[in-house]
Each structure stands twice: as C-alpha cells, then as structure tokens.
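1. Starting from these lines, generate the structure:
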Amino acid sequence: FGLDAPLPNRIHAILGWCILGLMLVQGCQGWSKLLHLQAGKISYLLHPKLGRAILLLASGNIVLILWTFRIQITALLVLVLSLSVIAAAALACMISGQQLVWGRSATAGTDYQVMPS
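-> Below is the predicted model:
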C-alpha cells in the first residue's frame with residue numbers, strides 16, 4: 001500500500017488513499033444529489049466544495065511526488081511543464097461553471113436558480 005517507503009512516498013501514499021476515499025464520498029453525494037434534484041429537493045450544497053478540495057489535494061499530491069522525483073528527472077523543463085499543466089487543469093476545474101443552488105433558473109430551464117460558484 002506504499003507505507004513501507006521513504007517519508008515523501010509514504011505521505012504520497014496516505015494522501016492518495018485519502019483522496020480515493022473522498023472521491024468515493026463525492027461520487028455517492030453526486031448520485032444522491034442528482035436523485036434529490038430529480039425529485040425537486042435541494043441537498044448536498046457542499047458537494048462542489050468537496051470536489052474542489054479533492055482537486056486541490058490531488059494536485060498537491062502530484063506536485064509532492066514530482067518534487068520528490070526532481071532528482072531523477074534530468075530535464076527541469078519536464079518538471080516545469082508538468083507543474084504548469086497541473087496548475088492550469090486545477091485552476092480550470094476550480095473556476096468552471098455555475099452550480100445549481102436554489103430557486104428558479106431561466107437559463108437551465110429547471111426549478112433551480114443558477115448561482116456562481
């Protein structure tokens with residue numbers, strides 16, 4: 001499970017297992033939220049925030065392991081490009097779209113108002 005490795009690798013493994021657990025919770029919440037929305041109920045208002053937290057933890061975990069392997073990566077450009085792609089993807093996901101929260105939405109055609117996230 002990765003717990004018998006050097007400290008950075010153990011931290012990477014523990015964060016990875018926590019992230020997988022949070023992703024499972026996030027998936028169950030999303031499914032339940034969809035079922036509740038179809039029934040006309042509002043639930044799991046923290047679902048988008050949990051997703052952002054997972055994305056942030058996963059990005060940090062990737063940065064941690066890339067930083068650990070920086071000695072093995074001979075080209076610094078590869079490390080810089082990897083970190084840039086990770087940062088851009090995380091930022092794009094964190095500022096993406098609007099979330100259904102409450103009320104009536106004219107744009108979505110539903111009984112929910114679209115609030116900026």
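2. drop to CA atoms for contacts and neighbour counts, all remaining ones
-> Noted.
3. just for the chain, where's the confidence low?
-> Low-confidence segments of the chain, defined by pLDDT under 70: 1-2, 70-76, 94, 96-117.
4. again, only using 80
-> Filtered on pLDDT under 80, the chain yields the residue ranges 1-5, 44, 66-83, 86, 89-117.
5. now the helices: where do they sit in it?
-> Under the criterion DSSP state H, helices of the chain are mapped to 7-38, 47-68, 76-94.
6. would TSV of those with mean neighbour count be doable?
-> TSV is the format used below for the helices of the chain (neighbours: other Cα atoms under 10 Å):
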stretch	mean neighbour count
helix 7-38	15
helix 47-68	17
helix 76-94	14
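7. Using CSV, write out the CA atom coordinates for stretch 30-38.
-> Output in CSV follows, covering the C-alpha atoms of stretch 30-38 (Å, rounded to 0.1, in the frame of the first residue of the first chain):
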residue,chain,number,x,y,z
GLY,A,30,-23.3,13.4,-6.6
TRP,A,31,-25.5,10.5,-7.3
SER,A,32,-27.7,11.2,-4.3
LYS,A,33,-27.8,14.9,-5.2
LEU,A,34,-29.0,14.1,-8.7
LEU,A,35,-31.7,11.8,-7.4
HIS,A,36,-32.8,14.5,-5.0
LEU,A,37,-32.8,17.2,-7.7
GLN,A,38,-34.9,15.0,-9.9
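8. From residue 16, how far off is the residue nearest to the spatial centre of the chain?
-> Nearest to the mean C-alpha position of the chain, counting by Cα atoms, centre = their mean, stands residue 55 at 2.3 Å. Note on residue 55: its distance to residue 16, by Cα to Cα, to the nearest Å, is 12 Å.
9. ok so, going back, now the residue nearest to the centre of the chain, nearest residue through space, not along the chain?
-> Using Cα to Cα, 6 or more residues apart in numbering and skipping the chain neighbours, the partner closest in space to residue 55 is residue 90 (6.5 Å).
10. I'd guessed the one you found sits against residue 57; true?
-> No. Taking contacts as Cα atoms under 8 Å, residue 90 lies outside contact range of residue 57: 10.2 Å.
11. Could you tell me which residues touch both of those two?
-> Taking Cα atoms under 8 Å, 6 or more residues apart in numbering as the contact rule, residue 90 and residue 57 touch no residue in common.
12. Thank you, goodbye.
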